[in-house]
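Engineer: here is a sequence together with a model predicted from it:
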Amino acid sequence: MSLKVKKYMKKILTLILISILLSVGLLCGCTEQNTSQPDEEARFVGTWGAYSENFQTTFSMTFSSDGTFTHGPMVFDWQIKDGKLFLLDEDGKEQSSYNYYFTENDTKLHLQTVGTDVYVTYTKEV
């Protein structure tokens, strides 16, 4: 093969490789992502238990991915807004709000009722 043909073939091969890389890069950006529930809210989903020293008993609460919260017979809606957890009644009115943080790989949930010194630590149930 002549030198001209080799250079031409090399250019064509380079263009083909660049085209393939660009196509793969564009297609990788087209994966479907579930954005229906932000990561922060996903951390809450599940059943959480806490032991009450005052009542000498364990109680639990459940956060569902559909935005409902159950604690015994009580059912509320819940949401995360401005870095706080809000429990809402059926009319969407705020019932209570909490400061929160997670520890131990999101298996401990620490809640403080806003405006008080009341803290409760919950453990995620498996």
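Structural biologist: Cool, the structure landed. Numbering: from 1, shown residues only.
Engineer: domain assignment for this protein?
Structural biologist: 1-31, 39-124 (automatic domain parsing).
Engineer: output these as JSON lines; include the columns mean neighbour count and mean pLDDT.
Structural biologist: Any C-beta I mention is one placed from the backbone N, CA and C, and that applies to glycine too. Shown next, in JSON lines, are the domains of the chain (neighbours: other CB atoms under 10 Å; pLDDT from 0 to 100):
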{"stretch": "domain 1-31", "mean neighbour count": "9", "mean pLDDT": "62"}
{"stretch": "domain 39-124", "mean neighbour count": "13", "mean pLDDT": "91"}
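Engineer: remind me, longest strand of the protein?
Structural biologist: Ranked by residue count, the top strand of the chain under DSSP state E comes out as strand 94-103.
Engineer: the helix or strand following that one pairs with which strands, and in what direction?
Structural biologist: Remark: after strand 94-103, the chain's next helix or strand is strand 108-113, criterion DSSP states H and E. In the sheet, strand 108-113 lines up against strand 94-103 (antiparallel), strand 119-124 (antiparallel) (DSSP bridges).
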